[in-house]
Each structure stands twice: as C-alpha cells, then as structure tokens.
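this one's sequence-less:
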C-alpha cells in the first residue's frame, strides 16, 4: 500500500484532495481511501499503484507539495540533512564573502557548483582561497547578522528526535557555522569542512577530509548500519547537486526548494512549504510537534 500525502502551505481544500485522487485513478491506481484534512493543511490518500507514475501524475498539483511513499515505515528513524539553503536560509560562504567584498564573485561559483556544473571540491577550495586573510571575527558577525534558521527546521528535527530518531547535520560548508547551527536546531551530530586559521585570520585553505557528495552518502550509510537501520528507514534532505547521492540512497530522499538535478533525484520535492511538511509526510500532525 502506498500513501500520497498532500500538504498545503496554508489551506488544503477538499476539492484539491479529490482532484488528486482522480489523477491517481486516471493512471490506473486503485484508490482505497481519502483521509480527513489535518490542521487544515495535509491529508493522505491510500492507494495501490506504481510510485514513480504516481509521483509524476501528482507533480503538478497546484500550490501543493506531495510525498508518495510506502505506508509501512513512513515514519523515519534517521534524519540526515544538508545545512546551507536547507536548514538555514543562506549559503554561508557567500555571506562570509560579503565581509571580504567579493560576495558576487563567490556566489556565482556557489550557484554553478550547486547546479552540478562544477566539481564540488575544486569549487570549494577555489572559493576558500579567495577568503585568504579574512579576519576570523567575520565568522561570528556573519552568524549573528546573516544566518537565519529555515522555518520549520527546529520543529522537524526536535520532533523526530523526541520520537527516537537519530539526527545528523552534514554540510559541504564549514564547522564554524555547522556546529552552532546544529546545536541551535537540535541535531545530535554535525559534520562539515574545517577552515584553516592562523593568527586570527583565514589562510585560504582547509584542513582534514572534504565533506563532498560521496562523504554525505557514506555518512548516511554508516549511520544507518550503526543504528541497525535499513536505508528505507532514513530521510535525507538537501537542495544541491552534492546532496544527490544521499537523497538517492535514503528511503525518503527530499529535495527542499532545490536545484533541478536534486529535484529529479528525489522521492519528494518541497517547493511551497517549510520543513514541517516533512512531519505531515510521516503522519505526524501539529499536536505532536516539538516546537520549543
């Protein structure tokens, strides 16, 4: 049995729900039940059919986000998420570059890397080199002045953790940002790249292994094994090309306000909602969210 969860940013109408059920029937799916609307925003349709065809049929459902998945195991036991433009609203390296007066130059490279047009590690090292001699104090200023949490992120992470899920924030950005952000949101563990520093300034280099697409996927696989979980019990969230391998491996791979290649790789694409949409996708209504 499959479940299609329809989530509206504001109000889900009964007509939208019945229209989605008709779309599923129209491709030969057998609709078993259409659920009640929860919190005025979300509802489930239980059906039998092909997941891929069903996702395509429901992809253009107005201003709604849709998640199609097996009914069994819909509540995930491990959450792994990207940070920049996923759990926070900005790309940290772009905002840090603003303090060096080169934001536009670095942001262009970031965009191309996230689209999958550039090699991630080369693009990362090239951007970091441009930050050479920037004072470390700029990082603290950037955190205070520019880094904002993505709406719904703390509720998603803290609710899943309260229900026993393991949570990992993994970033192709930097530990100087990921560690405080991860702590603030409520992640159990963080992993990111380490900026090299000397005498209170950035050297333009990195230390240690690079957190790239392969590393993100490897961390997902290792964490699942460590917890005795199958990949089907895991959720991975990201927005860029370097998130694709972990999105593809997870039982619920989510593209969040993402680049086209990430959307194409994902099981669900969240375009209209905040991150609480992923609680509805797991069958968790607002009365059970942890919000403080």
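Okay, I see it. Everything numeric here is computed off the predicted structure, so don't read it as measured data. Numbering: from 1, shown residues only.

SS state for the nearest residue to residue 254 once chain neighbours are set aside?
Closest residue in space to residue 254, ignoring its immediate chain neighbours: residue 237 at 4.5 Å, by CB to CB, 6 or more residues apart in numbering. For the C-beta atoms, the positions are set from N, CA and C on the backbone; glycine is no exception. Three-state call for residue 237 (DSSP: H, G, I helix; E, B strand; the rest coil): strand.

please shift the residue numbers so they start at 632 in all later answers.
Will do, 632 is the new start, and the previous item becomes residue 868.

who does residue 868 form a beta bridge with?
Judged by DSSP bridges, the bridge partners of residue 868 are residue 712, residue 885.

that one: how many residues sit nearby?
Residue 868 sits with 28 neighbouring residues when counted by other CB atoms under 10 Å.

cool, residue 834 as well?
Residue 834: 17 neighbours (other CB under 10 Å).

what helix or strand does it sit in?
Taking DSSP states H and E as the definition, residue 834 sits inside strand 832-838.

the stretch 732-881 of the chain: helices as residue ranges?
734-745, 751-760, 768-776, 784-793, 806-816, 844-857, 875-880 (DSSP state H, counting those that start in this stretch).

list the helices and strands the longest one packs on?
In terms of contacts (3 or more CB pairs under 8 Å, 6 or more residues apart in numbering; DSSP states H and E), helix 844-857 is packed against strand 709-712, strand 797-805, strand 865-869, helix 875-880.

out of these, flag the one nearest residue 779.
Checking those against residue 779 by CB to CB gives strand 797-805 as the closest, at 14.8 Å.

quick one: strands adjacent to the closest one?
strand 709-712 (parallel), strand 820-829 (parallel).

would you agree the residue nearest to residue 885 is in contact with residue 893?
No - counting by CB atoms under 8 Å, residue 868 stays clear of residue 893, with 10.0 Å between them.

shared neighbours, the two?
874, 878 (CB atoms under 8 Å, 6 or more residues apart in numbering).

next, the contact list for residue 682, please.
Residue 682 sits in contact with 633, 699, 700, 701, where contact means CB under 8 Å, 6+ apart.

same question, residue 774
Contacts of residue 774 (CB under 8 Å, 6+ apart): 808, 811, 812.

nearest to residue 692 among these?
So of the contacts of residue 774, ranked by how close each gets to residue 692 (CB to CB), first place is residue 812, at 32.4 Å.

quick one: the closest one from residue 727, how far?
According to CB to CB, to the nearest Å, residue 812 and residue 727 sit 14 Å apart.

so between those two, which is more surrounded?
residue 727 (30 against 24).

state the helix or strand in which the more buried one lies.
Assigned by DSSP H and E, residue 727 falls in helix 723-729.

run through who's touching that helix.
714-715, 734, 736-738, 741, 758-759, 761-762, 765, 769-770, 773, 777-778, 804-805, 808.

one more time with 6 Å, if that's ok
715, 734, 737, 738, 741, 758, 773, 777, 804, 808 (CB atoms under 6 Å, 6 or more residues apart in numbering).

residues contacting the last one?
So the one you mean is residue 808. By CB under 6 Å, 6+ apart, the neighbours of residue 808 are residue 723.

one more time with 10 Å
By CB atoms under 10 Å, 6 or more residues apart in numbering, the contact list for residue 808 reads 714-715, 719, 721, 723-724, 726-727, 770, 773-774, 778, 802, 821, 823, 826.

distance of the residue positioned nearest the centre of the chain relative to residue 725?
Nearest residue to the geometric centre of the chain (CA atoms, centre = their mean): residue 868, 2.6 Å. Per CB to CB, residue 868 is found 20 Å from residue 725.

any weak-confidence spans in the protein?
The model of the chain has no residue with pLDDT under 70.

mind splitting it into its structural domains?
Listed by automatic domain parsing, the domain ranges of the chain are 632-703, 706-722+780-828+836-923.

distance across the last one, terminal residue to terminal residue?
Right, the one you point to is domain 706-722+780-828+836-923. Taking CA to CA, to the nearest Å, the first and last residues of domain 706-722+780-828+836-923 lie 21 Å apart.
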